[in-house]
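Asker: got a predicted structure plus its sequence, pasted below:
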Amino acid sequence: MPDTTRPLVCHIPVCPFSQRLEILLSLKGLTGAVDFHVVDITRPRPDWLLERTRGTTAMPILLTPKGGVIKESLVILRYLEEIFPIPAIARHDPFERAIERMLIAHEGAFTTCGYRFVMNRDTSVRAEFAARMLDEYARLDAFLRRHNPGGIFLFEEFGLAETVFTPMFKRFLFLEYYENFDLPESADFARVRQWRDTCLAHPSAQQVSREQIVKLYYDYALGAGNGALPEGRTVSSFTFDPHWTERPWPPREKYGRAATDRELGLLND
Ligand code: GAZ
């Protein structure tokens with residue numbers, strides 16, 4: 001395993017759960033305070049890692065210098081907030097913390113909705129997924145209007161709730177590309193749209209680009225998640241080699257014929 005005297009985060013690049021940690025550290029100006037070790041999702045995990053996790057494979061995990069293991073991005077966020085308390089990113093006031101946590105409590109439903117939508121392969125339920133996604137955004141809109149009607153973020157600044165949601169807003173650019181789904185321009189979604197767009201543009205949230213997400217998540221759009229291979233393919237769209245910058249944009253049409261390894265620029269020869 002890599003040597004470290006600092007906390008070590010093992011992560012899969014482009015994984016939204018890991019980006020949460022990167023955003024938090026960036027907001028604190030502490031990008032170098034934690035080491036990052038990249039794990040290739042398309043290959044079996046190394047033995048030293050499986051020993052430390054006792055067999056679980058989901059990333060990110062944080063390894064402490066004393067040998068401790070912390071799993072789950074929201075738990076790791078809290079831990080980093082506590083070991084690096086200044087500047088604080090989470091709210092301090094107990095009631096405000098509760099508001100922040102209520103919004104964060106919604107992240108699972110939001111995330112699941114967007115991923116199930118992009119992974120769907122059945123055109124007959126496509127509209128249903130789009131409607132569900134809009135419901136999710138409507139809930140966020142109502143929450144923001146209730147707790148900070150005149151503002152942009154949940155509170156005055158990009159904080160913990162934004163750290164949790166922004167990586168999903170970034171990933172959900174895949175819905176615009178593969179499903180032609182975006183938030184309507186209407187007033188109903190104006191509050192959440194402004195929140196999302198400001199979060200997406202924030203300087204601490206630029207670890208991944210739209211192009212990278214669209215290219216790497218092609219397999220998700222075909223229903224193959226977590227580095228799994230779609231039928232007829234031999235290289236995952238999550239591969240490190242060839243690098244995504246050297247590959248063409250995948251076809252936007254995900255319900256028709258699937259693109260081959262070669263068409264996706266996944267072969268080296
Ligand atoms: N709850 C954990 C956290 O840290 O917050 C989730 C961590 C996780 O799922 N990590 C994924 C992983 O390591 C990579 S990111 N997978 C490899 C493995 O061996 O387990 C996928 C979904 C989904 C939502 C998100 C993701 C995703 O469905 O981005 O379905 C396939 C995975 C709702």
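Answerer: All right, it came through fine. Numbers count the residues shown, from 1 in each chain.

Asker: tell me the secondary structure at the residue in the stretch 151-269 of the chain that the ligand sits nearest to.
Answerer: Residue nearest to the ligand within the stretch 151-269 of the chain (CB to the nearest ligand atom): residue 225, separated by 2.9 Å. Just so you know, the C-beta spots here come from the backbone N, C-alpha and C atoms, and that holds for glycine as well. Following DSSP: H, G, I helix; E, B strand; the rest coil, the label given to residue 225 is coil.

Asker: so it sits against residue 115, correct?
Answerer: Yes: using CB atoms under 8 Å, residue 225 makes contact with residue 115 at a distance of 7.3 Å.

Asker: can you give me the domain assignment for the chain?
Answerer: Per automatic domain parsing, the structural domains of the chain span 8-83, 94-205.

Asker: rebuild those as TSV, extending it with mean neighbour count.
Answerer: Formatted as TSV, the domains of the chain follow (neighbours: other CB atoms under 10 Å):
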stretch	mean neighbour count
domain 8-83	17
domain 94-205	17
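
Asker: now tabulate those in a markdown table and tack on distance to the ligand and mean pLDDT.
Answerer: Formatted as a markdown table, the domains of the chain follow (distance: least, CB to the nearest ligand atom, whole Å; pLDDT from 0 to 100):
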| stretch | distance to the ligand | mean pLDDT |
| --- | --- | --- |
| domain 8-83 | 3 | 94 |
| domain 94-205 | 4 | 98 |
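
Asker: show me the one of those domains that comes nearest residue 265.
Answerer: domain 8-83 (15.6 Å; CB to CB).

Asker: end to end, how far does the closest one reach?
Answerer: Using CA to CA, to the nearest Å, the end-to-end distance of domain 8-83 comes to 14 Å.

Asker: how about stretch 164-178?
Answerer: Terminal residues of stretch 164-178 lie 24 Å apart, using CA to CA.

Asker: mind checking how far that stretch is from the chain centre?
Answerer: Offset of stretch 164-178 from its chain centre (CA atoms, centre = their mean, to the nearest Å): 7 Å.

Asker: what does stretch 121-134 give?
Answerer: Centroid separation between stretch 121-134 and its chain, computed with CA atoms, centre = their mean, is 21 Å.

Asker: can you give me the buried ones in the helix or strand containing residue 215?
Answerer: Element membership for residue 215, per DSSP states H and E: helix 210-216. If you call a residue buried by 16 or more other CB atoms under 10 Å, then helix 210-216 has these buried ones: 212, 213, 214, 215, 216.

Asker: OK, contacts around the closest residue to the fourth one other than its chain neighbours?
Answerer: Pointing back at residue 215 there. Nearest non-adjacent residue to residue 215, counting by CB to CB, 6 or more residues apart in numbering: residue 244, 4.5 Å away. Residue 244 is in contact with 211, 212, 215, 216, counting by CB atoms under 8 Å, 6 or more residues apart in numbering.

Asker: just the pLDDT for residue 244.
Answerer: At residue 244, the pLDDT value in this model is 97.

Asker: residue 3 now?
Answerer: pLDDT for residue 3: 67.

Asker: just the one 3 residues further on next, same as before
Answerer: Residue 6 carries a pLDDT score of 92 in this model.
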